[in-house]
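**Student:** can't give you the sequence, but here's the structure:
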């Protein structure tokens with residue numbers, strides 16, 4: 001009887017542990033041996049951030065990402081497997097010492113590879129940091145083995161460090177998405193670098209400096225307070241808030257076009273519209289002589305008359321790269337992303353024509369337009385408008401003149417017959433105008 005009672009108590013205690021473990025995993029932590037499936041989420045202790053799977057727009061590719069929990073922004077602030085997507089919804093985030101993504105019909109995607117990691121847990125913090133802890137035998141936290149803040153993607157959050165850890169050798173930098181719909185590594189990198197003997201904040205574009213500013217001379221947004229630290233152990237930049245975090249969802253994101261955006265999607269750094277730059281620190285890229293300052297590319301929706309020059313997928317080109325390639329080729333008059341997720345590159349020569357349309361199969365195409373021609377077009381519109389006004393007004397003046405003559409004849413007739421007497425000056429303005 002005692003044995004049955006003891007077994008019953010052990011069974012109930014085991015169920016309680018399972019319930020606690022299950023509810024804990026669905027809150028902010030994965031324990032050793034637990035899994036997070038597609039459709040499930042971790043939510044940080046105070047509900048600030050959430051972690052789970054998401055699918056890229058217009059594709060079947062899936063990723064593990066972190067978002068602000070109640071933000072209107074759907075774009076993740078961190079992506080675990082940006083360059084190794086899952087091609088279905090079979091993904092499972094598993095913790096067995098290290099973090100891995102399991103998938104049906106494919107090899108596991110290793111996220112952490114810490115040697116000797118055994119008794120571990122992975123917790124999503126209210127800072128947005130996803131941390132892998134090692135535990136002592138009694139369950140207390142022994143040390144941090146890995147954290148997502150050391151491996152940012154395209155976004156820096158408050159408290160995150162951007163720079164170098166001289167002890168561990170970790171270099172924290174941001175790399176843009178390849179497009180707004182593809183989290184794969186893009187063409188732009190934001191980091192701290194040594195330029196001409198001075199530590200600077202730099203945006204690189206395929207190995208060339210795109211924008212730079214000296215440190216600590218950095219003031220990008222009045223909502224954020226920046227802090228620059230340089231010591232024997234590390235050199236980094238971080239920021240904190242001048243406002244309550246509950247009112248905004250602070251972030252600085254390096255966009256696919258090379259702009260640095262704040263939480264309102266406002267460009268705090270922008271070097272767009274080659275070769276015109278809206279921000280100091282931008283480095284002007286050399287253009288061929290054929291690309292005068294009057295040239296620009298205008299976004300249109302429709303079809304090109306023929307297939308253009310298509311670059312290899314292995315080139316991993318973004319739309320900004322495609323524009324740069326088209327701009328450097330004097331024969332190029334239009335360009336577009338090749339793939340539905342906004343990546344790849346195709347451009348056309350002057351032998352191709354464009355048809356504006358929003359029917360099925362239309363594409364976002366960027367057409368070369370000369371601002372000089374646009375100026376002459378305004379002149380033609382002005383001349384045409386003047387001629388049109390003259391043509392419309394002429395019949396009116398003819399009619400007025402005809403009516404004036406009729407009144408004058410009536411006056412003369414009446415004066416001859418003596419029926420009426422008119423003032424000798426009452427019609428002088430009309431007489432003076434038509435004679």
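**Tutor:** Now that the structure is in, tell me what you want to look at. What you see is a predicted model, and the numbers here were worked out from it, not measured in a lab.

**Student:** gap between the two ends of stretch 328-339?
**Tutor:** In terms of Cα to Cα, to the nearest Å, the two terminal residues of stretch 328-339 are separated by 22 Å.

**Student:** Now do the buried residues in that stretch.
**Tutor:** Residues 329, 332-339 are the ones in stretch 328-339 that count as buried (16 or more other Cβ atoms under 10 Å). The C-beta positions use only the backbone N, C-alpha and C, and glycine is treated the same way.

**Student:** cool, and stretch 136-149?
**Tutor:** 145-149.

**Student:** Just those: which are in helices?
**Tutor:** Nothing among these maps onto helices, per DSSP state H.

**Student:** where does residue 296 land on pLDDT?
**Tutor:** Model confidence at residue 296, given as pLDDT, is 82.

**Student:** Surely residue 323 forms part of a helix?
**Tutor:** Yes - assigned with DSSP: H, G, I helix; E, B strand; the rest coil, residue 323 falls within a helix.

**Student:** wait, isn't it in contact with residue 367?
**Tutor:** No - if you go by Cβ atoms under 8 Å, residue 323 and residue 367 don't touch, sitting 11.9 Å apart.

**Student:** longest strand of the protein?
**Tutor:** Ranked by residue count under DSSP state E, the longest strand found in the chain is strand 182-195.

**Student:** That one - contacts with which helices or strands?
**Tutor:** Based on contacts counted as 3 or more Cβ pairs under 8 Å, 6 or more residues apart in numbering; DSSP states H and E, the elements that strand 182-195 packs against are strand 162-165, strand 174-179, strand 198-205, strand 208-214, strand 234-241, strand 252-254, helix 319-328.

**Student:** The last one versus strand 198-205: what angle between them?
**Tutor:** In this structure, helix 319-328 runs at an angle of 80 degrees to strand 198-205, with axes from the mean of the first three to the mean of the last three Cα atoms, to 10 degrees as the basis.

**Student:** What residues of helix 319-328 count as buried?
**Tutor:** So, applying 16+ other Cβ under 10 Å, buried residues of helix 319-328: 319-327.

**Student:** List of residues touching that helix?
**Tutor:** Counting by Cβ atoms under 8 Å, 6 or more residues apart in numbering, helix 319-328 makes contact with 179, 187-188, 205-206, 256-258, 274, 285, 287-288, 291, 297, 311, 315, 317, 332, 334-337, 342-347, 366, all of which sit outside it.

**Student:** Next step: these restricted to strands.
**Tutor:** Restricting the contacts of helix 319-328 to those inside strands, with DSSP E as the criterion, leaves 179, 187-188, 205, 297, 332, 334-336, 346-347, 366.

**Student:** ok, which pair from these is furthest apart?
**Tutor:** Largest separation among the ones in strands among the contacts of helix 319-328 by Cβ to Cβ: 188 and 334, giving 23.4 Å.

**Student:** All the strands of the stretch 51-200 of the chain, residue numbers only.
**Tutor:** Counting by DSSP state E, counting those that start in this stretch, the stretch 51-200 of the chain has strands at residues 62-68, 78-79, 92-96, 98-102, 109-110, 120-124, 130-135, 141-147, 155-156, 162-165, 174-179, 182-195, 198-205.

**Student:** in the chain, which ranges drop under the pLDDT threshold?
**Tutor:** Residues of the chain that meet the criterion pLDDT under 70 lie in 1-26, 216-221, 243-246, 273-279, 292-294, 370-386, 388-435.

**Student:** what's the burial count for residue 234?
**Tutor:** In terms of burial, residue 234 registers 16 neighbours under the definition other Cβ atoms under 10 Å.

**Student:** go on, residue 318?
**Tutor:** Using other Cβ under 10 Å as the criterion, residue 318 is surrounded by 28 other residues.

**Student:** Hmm, residue 343 and it touching each other?
**Tutor:** Yes - with contacts defined as Cβ under 8 Å, residue 318 counts as touching residue 343 at a distance of 6.6 Å.

**Student:** Find residues that contact each of the two.
**Tutor:** Once Cβ under 8 Å, 6+ apart is applied, the residues that residue 318 and residue 343 both contact turn out to be 178-179.

**Student:** which residues touch the residue positioned nearest the centre of the chain?
**Tutor:** Most central in the chain under Cα atoms, centre = their mean is residue 255, positioned 4.3 Å from the mean C-alpha point. With contact set as Cβ under 8 Å, 6+ apart, residue 255 has these partners: 154, 176-177, 180, 188, 261.

**Student:** Kindly report the same for residue 214.
**Tutor:** The contact partners of residue 214, taken as Cβ under 8 Å, 6+ apart, are 198-201.

**Student:** my guess is residue 281 meets residue 211, correct?
**Tutor:** Yes - with contacts defined as Cβ under 8 Å, residue 281 counts as touching residue 211 at a distance of 5.0 Å.

**Student:** Run through the bridge partners of the closest residue to residue 27 other than its chain neighbours.
**Tutor:** In space, not counting the residues next to it along the chain, residue 27 is nearest to residue 43; the distance is 6.1 Å by Cβ to Cβ, 6 or more residues apart in numbering. Going by DSSP bridges, residue 43 is paired in beta bridges with residue 50.

**Student:** wait, doesn't residue 43 sit right on residue 126?
**Tutor:** No - contact status for residue 43 versus residue 126: not in contact, 10.0 Å apart, counting by Cβ under 8 Å.

**Student:** Overlap in contacts, the two.
**Tutor:** residue 49.

**Student:** where along the stretch 251-400 of the chain do the helices fall?
**Tutor:** Under the criterion DSSP state H, counting those that start in this stretch, the stretch 251-400 of the chain carries helices at the ranges 319-328, 371-417.

**Student:** where does residue 227 land in three-state SS?
**Tutor:** strand.

**Student:** circling back to that earlier point, would you format the helices and strands packed on strand 182-195 as JSON lines with distance to residue 356 included?
**Tutor:** Below are these laid out as JSON lines (distance: least, Cβ to Cβ, whole Å):
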{"stretch": "strand 162-165", "distance to residue 356": "43"}
{"stretch": "strand 174-179", "distance to residue 356": "23"}
{"stretch": "strand 198-205", "distance to residue 356": "31"}
{"stretch": "strand 208-214", "distance to residue 356": "32"}
{"stretch": "strand 234-241", "distance to residue 356": "44"}
{"stretch": "strand 252-254", "distance to residue 356": "32"}
{"stretch": "helix 319-328", "distance to residue 356": "19"}
